[in-house]
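Asks: The following comprises the amino acid sequence and a computationally predicted model.
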Amino acid sequence: MRTYRIIQLTVLLASLVLMTGLPSLSIQAADQSLKGAIIIPLPGDSGAVATDAVEDTLRACLARIPTDASPGQRMLAEQSCQQNEAARAQTQAAPKF
């Protein structure tokens with residue numbers, strides 16, 4: 001009877017160890033598959049420059065506004081682009097120390 005109890009505890013402990021270790025193995029495998037991935041922007045893709053980047057221009061920001069946006073969404077997006085452009089202009093005009 002005592003041997004049966006030891007076998008039960010051993011199987012239970014081994015199961016717990018395997019269950020806690022398997023998720024980390026699957027995460028590592030997923031990370032390895034993405035390590036060598038290269039993302040190539042499509043021709044004509046206006047999202048090649050990150051939003052609010054120094055290289056981002058008013059024209060590029062306005063080009064990212066979806067064509068199916070409602071008039072209110074378009075107005076808010078245009079105002080946001082104009083505010084970002086004004087902030088970039090002030091940052092670029094500021095003296096560098």
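Replies: Thanks, I have the structure now.

Asks: Is residue 67 within a helix or a strand, and which one?
Replies: Here residue 67 is covered by no helix or strand, with elements defined by DSSP states H and E.

Asks: which secondary structure element contains residue 8?
Replies: Secondary structure from DSSP H and E places residue 8 in helix 2-34.

Asks: cool, residue 69 as well?
Replies: Assigned by DSSP H and E, residue 69 belongs to no helix or strand.

Asks: tell me the domain boundaries of the protein?
Replies: For the chain, automatic domain parsing gives the domain ranges 1-32, 46-93.

Asks: from what I can see residue 78 touches residue 59, true?
Replies: No. Using Cβ atoms under 8 Å as the test, residue 78 is too far from residue 59 to be in contact (11.9 Å). In short, each C-beta sits where N, CA and C put it, glycine included.

Asks: Looking at the two, which one has more neighbours?
Replies: residue 78 (15 against 10; other Cβ atoms under 10 Å).

Asks: show me the contacts for the more buried one.
Replies: 62, 65 (Cβ atoms under 8 Å, 6 or more residues apart in numbering).

Asks: which intervals of the protein have sub-threshold pLDDT?
Replies: Applying pLDDT under 70 to the chain flags residues 1, 21-55.

Asks: deepest of the domains of the chain, which one?
Replies: Among these, domain 46-93 has the highest mean neighbour count (mean count of other Cβ atoms under 10 Å), at a mean of 12.

Asks: Report the separation between residue 66 and residue 56.
Replies: 17 Å (Cβ to Cβ, to the nearest Å).
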